[in-house]
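K.L.:
For reference, the sequence and a predicted model appear below.
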Amino acid sequence: MKFKPLPTLLAAAACGLSFFAGRLGRADGERVDSEKHPANAHRGQAAGAPPAAGKASSGKPAAAPGATYASLLGPPTPEEEAKGPVERVRDAFAEPNEFRRLQLFWRALTDLKPEDAQGIQDLFDEGDRLGRHYPAEYQYFAQRWGEVDGAAAVTHGVQAWQHRGGMEGMLSRMADGWANQNPQQAVDWINTHDREQPWMREAVMSGLVNGLADRDLELARRFVEDQADSPQARQYFTQLADKYIYSKSLADAERWFDSLDTAKFSAPKGALMDHLTDRFLRGGPEQAAAFLDRHPDQVDVDSAMSIGYELNRKDPAKARIWAAALPEKVRTVVQTNLIRTP
């Protein structure tokens, strides 16, 4: 597949954005990947972010030093903080309670340095040999490794996973962290590694879109729109829509959708229609129906049917009235299917 370089655009933004490059990792709440592989189970289904250290997730007051709850840790002890990241990760893996282990692990990676990363990777490999899997931990480690040393992280992934399927999400996370801290290097990798396996290049590109969007949404928008001819354009556009939703609002995502020229961005805009319909549906079918009503020229059968089905479950009469007002190109199909729905 063909990727377009973006040297000038990224270079222009680099100086103004470098201030935001930090050491701390980011929990990617909008996106939870699920990759499974028999020999690498710890890199698969991710659990949610653990509660913040020293605070109860249910709104209870912070735990006093020495207090114990089943899934809650107090503040780090001086002994814990005196250890290096590798030793702290080893200690975390010895904790049987999943949520306490996650807190220990996240704290261990706060001050991750490039020279620590391989030692932590070795601990995950050791876990494989012991039949232990740490899915949430590996997902976060991949992101942090990308942030502190993206070139080494992606090089490791490309070399280690040549013959292992299902690792797209982890490679993407590495590239995500890399692009968030040094997008130009990530773009350069795409432009100079045209002989890597397609899935690896696509995974890095996907991570580049996410990392760039976390850094600068406007820059990411221009980058994604420049990839409109890519076979993966639909994916990149929906990724960016979610970034708008989580960092700004659903209304901002819709405004971006409105700004896209339908003739130029026909395929990715069609994918966005379905994607945004799903997001609006989470607030109820009436909210999603209003979204479709605002864009009658973009309505397709899949979007209309998903809304019609949910409306029909709540109020069949209202669903039929709504379906009767749909654009002619989808009206008959939706009406016919609603009649067949019990």
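P.N.:
That came through, no problem.

K.L.:
Against R234, how distant is W161?
P.N.:
25 Å (Cβ to Cβ, to the nearest Å). Placement of C-beta: from N, CA and C, glycine included.

K.L.:
Looking at those two, which is more packed in?
P.N.:
A count of neighbours by other Cβ atoms under 10 Å puts W161 above the other of W161 and R234, at 21 against 18.

K.L.:
Could you list the low-pLDDT ranges of the stretch 201-342 of the chain?
P.N.:
Low-confidence segments of the stretch 201-342 of the chain, defined by pLDDT under 70: 341-342.

K.L.:
mind listing the helices for it?
P.N.:
Remark: helices assigned in the stretch 201-342 of the chain by DSSP state H, counting those that start in this stretch are 217-225, 233-247, 250-259, 266-281, 285-293, 301-314, 316-324, 328-340.

K.L.:
would JSON lines of the ones you listed with distance to E168 be doable?
P.N.:
Compiled in JSON lines, the helices of the stretch 201-342 of the chain are given as follows (distance: least, Cβ to Cβ, whole Å):
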{"stretch": "helix 217-225", "distance to E168": "18"}
{"stretch": "helix 233-247", "distance to E168": "11"}
{"stretch": "helix 250-259", "distance to E168": "24"}
{"stretch": "helix 266-281", "distance to E168": "19"}
{"stretch": "helix 285-293", "distance to E168": "30"}
{"stretch": "helix 301-314", "distance to E168": "25"}
{"stretch": "helix 316-324", "distance to E168": "39"}
{"stretch": "helix 328-340", "distance to E168": "34"}
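
K.L.:
out of those, which comes closest to A92?
P.N.:
Proximity to A92 (Cβ to Cβ) singles out helix 233-247 among the helices of the stretch 201-342 of the chain, at 27.8 Å.

K.L.:
And the contacts of the closest one?
P.N.:
Residues outside helix 233-247 that contact it (Cβ atoms under 8 Å, 6 or more residues apart in numbering): 29-31, 205-206, 209-210, 213-214, 217, 220-221, 224, 227, 230, 252-253, 256-257, 265, 267-269, 271-272, 275-276, 279.

K.L.:
Give me the buried subset of the residues you listed.
P.N.:
Among these, those scoring as buried are 31, 205-206, 209-210, 213-214, 217, 220-221, 224, 227, 230, 253, 256-257, 265, 268-269, 271-272, 275-276, 279 (criterion: 16 or more other Cβ atoms under 10 Å).

K.L.:
so how far is the first residue of stretch 255-264 from its last?
P.N.:
Using Cα to Cα, to the nearest Å, one end of stretch 255-264 lies 17 Å from the other.

K.L.:
Centre of the chain to it, how far?
P.N.:
23 Å (Cα atoms, centre = their mean, to the nearest Å).
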